[in-house]
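In: what would the 3D arrangement of this be:
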Amino acid sequence: MIDVHLEMHKNSVGIIGYRNHSKKLLDIITKIPKVKKIIVFCYKDKFINKLEQENKNKKITYTKKLSILKNDCESIFISSPSNTHYKYLNYFIKANKYIFCEKPGCINKNQLRNISKFPKKIKSKIYINYNLLHSNLYKFLINKKNLNKDLISMIYHSSTGIAYLKKFKRNWRFKSKDILQRITGNWGVHSTNLSLNLFGKLDKSLISEGGISSKQKIDTCSITLKFKNNKTSNIFLSYASPMSDEMTFFFKNKILKYQEGKVMEFSPRNYFDKKGLFKKPPKKSLNNIKGDISNNSLEKSVKYFINIAINNGYFPINLFNNAMETVRIFLNFDSQKNKL
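Out: Down below sits the predicted model:
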């Protein structure tokens, strides 16, 4: 006989957070047929009343009692401010829940040490979401035919000019003393985590940051990662340059370039002109990898998490370890010693 109450738990999802990124998560979750009930935690009555009035989806209910999520939901999404992640993680792991936690999961070394001591079985029920890992591009890169030992290096450039906008003049992105809130950690964690999952064990890291639009602002950074296998990742991020978002992956026999939702392949390595000199190899478009990889990855990450939780599975432990290593890289950085 099937335990109906147990089945309801498995198909019930709780969300901590109700604005901005949480709305994106909610939109994705409501479209998953296997999810029958969604409880959104909101601690203020005035917001709950407004949200309930606007809500037209019968799957969704709102509450200001965290205990309701603990009692009625098997899966929990934590999409609240970063400084609350550690508190919610501890609360829900004691109830043995599956947890989808938006990055970073912790914000200081004490929290990092404590999370790293979680038993393996608990770690295997926690998914820290660093976007990109479920994108079509990442799936292509880790395909054995493509990755194997042939991927040598990654270069990532991303920028936008918000440092020059008046409305961002005193924004927390520039003023925060917390590296995980500045451009370096807030933006750089995703590509850093991607690098760890592509290249393996880290050997050395170097982070430099500084102000281009103003000496009083930290609006630009550079992150260099060297791995035990001598492969490298170079990341450049800026709020002081025109908008761009591109990644280049160097293989032994080809180059892949992602730019504005498109991927081009350049190959082979040994391509010569009539004089026998190396020339740039021809390019071809990979039409099976296109579109916004961030949104693509977010949707697939949510579905991946829900599928594991509903089927009582476990997440690969290396995902958790790389998530913690990503935070460790930034917390170890001394911003006073590394200026551009």
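
In: and the strands in this structure?
Out: Along the chain, the stretches classed as strands by DSSP state E are 12-16, 37-41, 60-63, 75-78, 98-102, 126-129, 151-159, 202-210, 220-227, 232-238, 244-251, 255-259, 262-266, 283-290.

In: tell me the angle of the first one relative to strand 98-102?
Out: Per axes from the mean of the first three to the mean of the last three CA atoms, to 10 degrees, the angle that strand 12-16 makes with strand 98-102 is 30 degrees.

In: what's the angle from strand 12-16 to strand 37-41?
Out: 20 degrees.

In: who are the packing partners of strand 12-16?
Out: Packing partners of strand 12-16 (3 or more CB pairs under 8 Å, 6 or more residues apart in numbering; DSSP states H and E): helix 21-30, strand 37-41, helix 66-72, strand 75-78. Bear in mind the C-beta positions are built from the backbone N, C-alpha and C, glycine included.

In: rewinding a little: turn the strands of the chain into TSV, including mean neighbour count and mean pLDDT.
Out: Formatted as TSV, the entries for these read as follows, by neighbours: other CB atoms under 10 Å; pLDDT from 0 to 100:
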stretch	mean neighbour count	mean pLDDT
strand 12-16	25	95
strand 37-41	22	93
strand 60-63	17	90
strand 75-78	28	97
strand 98-102	24	97
strand 126-129	25	96
strand 151-159	19	95
strand 202-210	17	95
strand 220-227	20	97
strand 232-238	21	98
strand 244-251	18	94
strand 255-259	18	92
strand 262-266	17	91
strand 283-290	13	80
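
In: select, out of these, the one closest to residue 332.
Out: Residue 332 lies closest to strand 202-210 among the strands of the chain, at 7.8 Å (CB to CB).

In: can I get the closest one in PDB? Just the C-alpha atoms.
Out: Extracted as PDB, the C-alpha positions of strand 202-210 are listed here (Å, rounded to 0.1, in the frame of the first residue of the first chain):
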ATOM      1  CA  LEU A 202      43.300  23.300  -8.100                       C
ATOM      2  CA  ASP A 203      47.000  24.000  -7.700                       C
ATOM      3  CA  LYS A 204      47.200  27.800  -7.500                       C
ATOM      4  CA  SER A 205      44.900  30.800  -7.800                       C
ATOM      5  CA  LEU A 206      45.500  34.500  -8.200                       C
ATOM      6  CA  ILE A 207      42.900  37.200  -7.900                       C
ATOM      7  CA  SER A 208      43.400  40.900  -8.700                       C
ATOM      8  CA  GLU A 209      40.800  43.600  -8.400                       C
ATOM      9  CA  GLY A 210      40.500  47.300  -8.600                       C
END
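
In: re the thing from before, CSV for the helices and strands packed on strand 12-16, including distance to residue 220?
Out: Converted to CSV, the helices and strands packed on strand 12-16 look like this (distance: least, CB to CB, whole Å):
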stretch, distance to residue 220
helix 21-30, 24
strand 37-41, 37
helix 66-72, 39
strand 75-78, 30
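
In: mind listing what's buried along stretch 126-143?
Out: 126-141 (16 or more other CB atoms under 10 Å).
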